[in-house]
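Colleague: Let's see this in three dimensions:
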Amino acid sequence: MFGNYLIGLREGLEASLVVCILVAYLVKTGNRAKLLPVWAGVGIAVGVSLAFGAGLQFGTQELTFTAQEAIGGSLSIAAVGLVTWMVFWMRRTARHLKAELEGRLDAALSMGTGALVATAFLAVGREGIETSLFVWRSVDAADDGVRPLAGALLGIVTAVVMGWLFYRGALRIDLARFFTWTGGLLIVVAAGVLAYGVHDLQEARFLGGLGDKAFDVSSAVPADSWYGVLLKGTVNFQPDPTVLQAWVWTLYVVPVLVLFLRRQQPAREEDPGSPAGRSTAGTGGQGPVG
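Modeller: Numbers count the residues shown, from 1 in each chain. Now for the predicted structure:
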């Protein structure tokens, strides 16, 4: 549940910040009449994301076990790829997000209503599709799909409330640090999803080694114990992974975490007087619309 809460919170907060920046810029520049197309784009993005999630959930139920495992494993790997790209992208662009979005909005304003709808849709839809894919994989893998779904919804609700507080100027946190910490945690969660996806592909006979166990601590960490459920819900821990799963988990999480957490010299040395530097205050400790 925690992993899905983290996904819902992070992706939801990205989307909320994007909406806050778009709305605040339109209000600041005297374009309140253009708010409706922006909200229409947001609504379409939410609808498409929900439809995508529903299609994944119900579109695979009639397939054979082998096909379900093959699709589930492939989409797990795709979800990990998207999440990995997302955390690195936000780590790199959090300081410039406000300036980048305002530039896109200026271009959309000059092009007309359709461009505004498309700008809002594309800005929010990416987070929605990533969330639907990642949460579906977690729900499909869980014995009880209610808890993963509840965790994701709770994270999204928290993100919406935080976005509203940012817009009202009532909440000020260092977003760069926030995205760094949550990004590191998400990489660990994604490693568990990747390992589970490999196991699905092994069960579908696309990969070998299903019977080769790296270790088995099922007696020490029973799957139905509170700590077994906690580890499963947070990092997708499996007490009896295959050798291939263990290697994939290690070869993913170690280098990706090292690359993600190392200091980014260009961002640290950025000139605070530049437009990108000034946008840091808007998306860092001063909120997105400060």
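Colleague: who touches the strand or helix carrying residue 258?
Modeller: According to DSSP states H and E, residue 258 maps onto helix 243-261. Outside of helix 243-261, the residues within contact range by Cβ atoms under 8 Å, 6 or more residues apart in numbering are 80, 84, 87-88, 91, 180, 183-184, 187-188, 190-192, 194-195, 198-199, 202, 207-209, 212-215, 238, 241. In this view, the C-beta of every residue, glycine as well, is placed from N, C-alpha and C.
Colleague: Residue 130 against residue 8, yeah?
Modeller: No. Using Cβ atoms under 8 Å, residue 130 is not in contact with residue 8; the gap is 10.9 Å.
Colleague: Can you list phi and psi of the residue of the chain most remote from its centre for me?
Modeller: Using Cα atoms, centre = their mean, the residue of the chain lying farthest from its centre is residue 219. It sits 33.5 Å away. Phi and psi for residue 219, reported as degrees, to the nearest 10, are phi -70, psi -30.
Colleague: now the angle from the helix or strand containing residue 181 to helix 243-261?
Modeller: Using DSSP H and E, residue 181 sits within helix 175-203. Orientation check (axes from the mean of the first three to the mean of the last three Cα atoms, to 10 degrees): helix 175-203 against helix 243-261 gives 160 degrees.
Colleague: Could you give the average pLDDT over helix 175-203?
Modeller: Averaged over helix 175-203, pLDDT sits at 84.
Colleague: right, and the helix or strand after that helix?
Modeller: Immediately after helix 175-203, counting by DSSP H and E, sits helix 226-235.
Colleague: Any stretches of the chain with poor pLDDT?
Modeller: Residues of the chain meeting the criterion pLDDT under 70: 1-3, 94-95, 137-145, 148, 170-171, 173, 175, 233-234, 263-290.
Colleague: run the last query once more with 50
Modeller: Applying pLDDT under 50 to the chain flags residues 265-290.
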